[in-house]
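[1] 3D, please:
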Amino acid sequence: MSLAAHLVELRKRLMIAALALVVGMVVAFFITGPIIDLLTVPIRQIAEEEGRTYVQLNFDTVTGGFDLRLRISFAIGLLISAPVWLWQIWAFIMPGLTRKEVRYTWSFLGAAIPLFFAGCTLGFFLLPHVIELMASFVPTGMAQFYKYDIYYDFVFKFLLVIGVAFVLPVFLVALNLAGIMSGIAILKGWRVAVIISTTFAALATPAADIASMLLLAGMMIILYLAAAGLSVLFDRRRNKRQPLLPTPGLDG
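    Got it, this is the predicted structure:
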C-alpha cells in the first residue's frame, strides 16, 4: 500500500474506534449513578463510623454533577468499547507483522489485560482503607468536603497506577523474548525490584497504611519473580532449539 492508502486506512480505523467510544459513553452514562454510589462508599463509611455530619462529596459548580457523570462515562465507555478500538489498532498493524510477532502480540495482550484488571481490582479494595486513613488526620469537629473533580481524579489515578504496575512484569518477559534481557539478568535484579516495588507501594499508599503498602509491594514482587521465572524457562527452551555448532578442527 502507498502512504496515502495507509493514511486513508488509518482514518477509517480511527473513525470506527471513535464511533465505538461515543456509543460506549452513551451506554455508560445511564449507569453512572450506581458507579458514583460505589465510588463514594468510603465517604459514607467515614460519616457513619466517625459520626461526622459534614463528610460528603462537594459539587461547587452548576455543571459539576454533569461533569462528573461525563468523566465517568468516558472511562467506562473506553472499557466498553475496548474490543472494538483494540481490534481496529490490531487490524491496522497486523499486516506488517510476521507470524511469530503476531503470536507474541496475542500472548502479550492475553497476559497484560487480565493483569491490568487484577491490579485495578486490588486498588479498588485498597481504596477505602486509604481514604479512611487519610480522613483520620482531620481534627475532630472539623468539616470535611471532598471536591468532586479532585476526588474522582484521585480514585482514577490510583486505580490506573496500580493497574499499570501489574502490567510491568509482562514488559520484562517481552524484553526477554526480544533478546534484550536474559532471564538470569532479570532474576539477578531481584534486590532492585524489591526496592522499587516497596518505594512505589509507599508512594501509592499513605505512609501510615503499612498493611496496604506491604500487600501492594508483595504482589508486585511476586509478579516480578514470576516474570523472571518465565524468562529463565524461555531461555532454556531457546538454547535447546539452537543447533550445536561444529567444533573447529574436527571436520573430518
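
[2] Regarding the residue nearest the centre of the chain, which helix or strand does it belong to?
    The centroid of the chain falls nearest to Gly163 when counting by C-alpha atoms, centre = their mean (2.6 Å). Mapping Gly163 onto the secondary structure by DSSP states H and E places it in helix 148-177.

[3] And stretch 20-37, what's buried?
    Of the residues in stretch 20-37, those buried under the neighbour-count criterion (16 or more other C-beta atoms under 10 Å) are 20-21, 24-25, 28-29, 32, 35-36. Every residue, glycine included, has its C-beta placed from N, CA and C.

[4] Let me know the average pLDDT across that stretch.
    When the per-residue pLDDT values of stretch 20-37 are averaged, the result is 89.

[5] Please export the C-alpha coordinates of it as CSV.
    Extracted C-alpha coordinates of stretch 20-37, given in CSV (Å, rounded to 0.1, in the frame of the first residue of the first chain):
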residue,chain,number,x,y,z
ALA,A,20,-17.4,2.9,19.3
LEU,A,21,-16.2,5.1,22.1
VAL,A,22,-19.1,7.5,21.7
VAL,A,23,-21.6,4.7,21.7
GLY,A,24,-19.9,3.2,24.8
MET,A,25,-20.1,6.6,26.6
VAL,A,26,-23.8,6.9,25.8
VAL,A,27,-24.4,3.5,27.3
ALA,A,28,-22.2,4.2,30.3
PHE,A,29,-23.9,7.5,31.0
PHE,A,30,-27.0,5.6,32.1
ILE,A,31,-25.1,3.6,34.8
THR,A,32,-23.1,6.5,36.2
GLY,A,33,-25.5,6.7,39.2
PRO,A,34,-24.6,3.3,40.7
ILE,A,35,-20.9,3.9,39.9
ILE,A,36,-20.9,7.2,41.8
ASP,A,37,-22.7,5.4,44.7
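
[6] Please work out which residues outside it touch it.
    If you take C-beta atoms under 8 Å, 6 or more residues apart in numbering as the criterion, stretch 20-37 is touched by 68-70, 72-81, 84-85.

[7] Filter these down to the buried ones, ChimeraX style.
    Taking 16+ other C-beta under 10 Å as the burial criterion, the selection of buried members of the contacts of stretch 20-37 in ChimeraX is written as:
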select :68,69,72,73,75,76,77,80,81,84,85
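
[8] Which members of the contacts of stretch 20-37 are the farthest-apart pair?
    The largest separation in those, counting by C-beta to C-beta, is between Leu68 and Val84 at 25.3 Å.

[9] and the helix or strand hosting Phe125, what's its mean pLDDT?
    When elements are defined using DSSP H and E, Phe125 is found to belong to helix 99-135. Per-residue confidence for helix 99-135 averages out to 79 on the pLDDT scale.
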